[in-house]
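Colleague: Provide a 3D model corresponding to the input given below.
(one chain, ligands or ions: 1)
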Amino acid sequence: MFGWWRRRRRRRILEQPFPAAWEEVLQRKVPFYRTLREEQAARLRGFVQVFVAEKPFFGAAGLEVTDEMRVVIAAAAVRLVLHLDLSLYDDLREIVVYPYEVLRHPKREGQGAFLGEAHSFGTVVLSWPAVQAGLADPCDGYDTATHEFAHVLDRAGGGFSGTPPLRAREHYRAWAEVMARRFARLRGGSWPERHVLRAYGAKNEAEFFAVATEAFFERPERMQQATPDLYEELRRFFGFDPQQDPSCDHLERPGPS
Ligand SMILES: [Zn+2]
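Modeller: Below you'll find the predicted structure:
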């Protein structure tokens, strides 16, 4: 619920100027930020301020969480709700950041490397190197932070079911039909699904939504061509068309840092 107290608190947060150091972080570490039109960039900056102020970050394994980490992770998170609402993250209680990719469950994705996970009790766990690697190439369809925060949106719809809270009741039927069909085809190793979606999305409905979200943000042209109905459902949910932003070809790749 969005109470008057929090509304007032957020207004105070937004009255603060966006720190120049944070802007520098966005420019340097978040390539998709440079593709946003100014009105979107301004909205993202405001959401970043609120997210950083409201969400606790914890470093694991001795990591000291810096402002740079907070700003980068917040930017990745709020990008998903830029045309929705920050309230979709109301149940997100904390973000835990690891300084490395932890080897945990051999059956997890990425040859057993642990890159991130989202828990039903409101915790998102991220590997900082994986977050940076995911953002550094905004066009490869692979983004750890986008993936994990997609799980949080999914959970806001009740459980990890592959269905976030859609905008209208009448959207659910088409969503379920399209998702089920594309999921089944990906499981069967079908083309063109494999052309646009990572195979990990075949694991279950929740992973399908998370993997599809990565592709929607990072490979929108390919997705629209290969799986136009899936693209349309995601466009309707996220509330915008990522192809209206300059394509990846116009982005200069960031150097190592
Ligand atoms: Zn996942």
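Colleague: which parts of the stretch 101-250 of the chain sit against the ion?
Modeller: Neighbours of the ion within the stretch 101-250 of the chain, by Cβ under 5 Å from the ion: 207, 210. Where C-beta positions appear, they are placed from N, C-alpha and C, glycine not excepted.
Colleague: which stretches of the stretch 101-250 of the chain have low pLDDT?
Modeller: Flagging of the stretch 101-250 of the chain using pLDDT under 70 yields the residue ranges 102-115, 246-250.
Colleague: mind running it again at 50?
Modeller: For the stretch 101-250 of the chain, the stretches with pLDDT under 50 are 105-113, 250.
Colleague: all strands for it, in order.
Modeller: Secondary structure of the stretch 101-250 of the chain (DSSP state E, counting those that start in this stretch): strands at 102-103, 113-114, 116-118, 123-127.
Colleague: which residues does the closest residue to residue 237 other than its chain neighbours contact?
Modeller: Excluding the flanking residues, the one nearest residue 237 by Cβ to Cβ, 6 or more residues apart in numbering is residue 166, at 6.0 Å. By Cβ atoms under 8 Å, 6 or more residues apart in numbering, residue 166 lies in contact with 157, 172, 175, 237.
Colleague: how near is residue 166 to residue 21?
Modeller: 38 Å (Cβ to Cβ, to the nearest Å).
Colleague: okay, helices next: where are they in the chain?
Modeller: Taking DSSP state H as the criterion, the chain carries its helices at 4-15, 20-29, 38-54, 67-79, 128-136, 144-156, 172-187, 193-196, 205-218, 220-226, 228-238.
Colleague: how much distance is there from the third one to the middle of the chain?
Modeller: I take that to be helix 38-54. Centroid separation between helix 38-54 and its chain, computed with Cα atoms, centre = their mean, to the nearest Å, is 15 Å.
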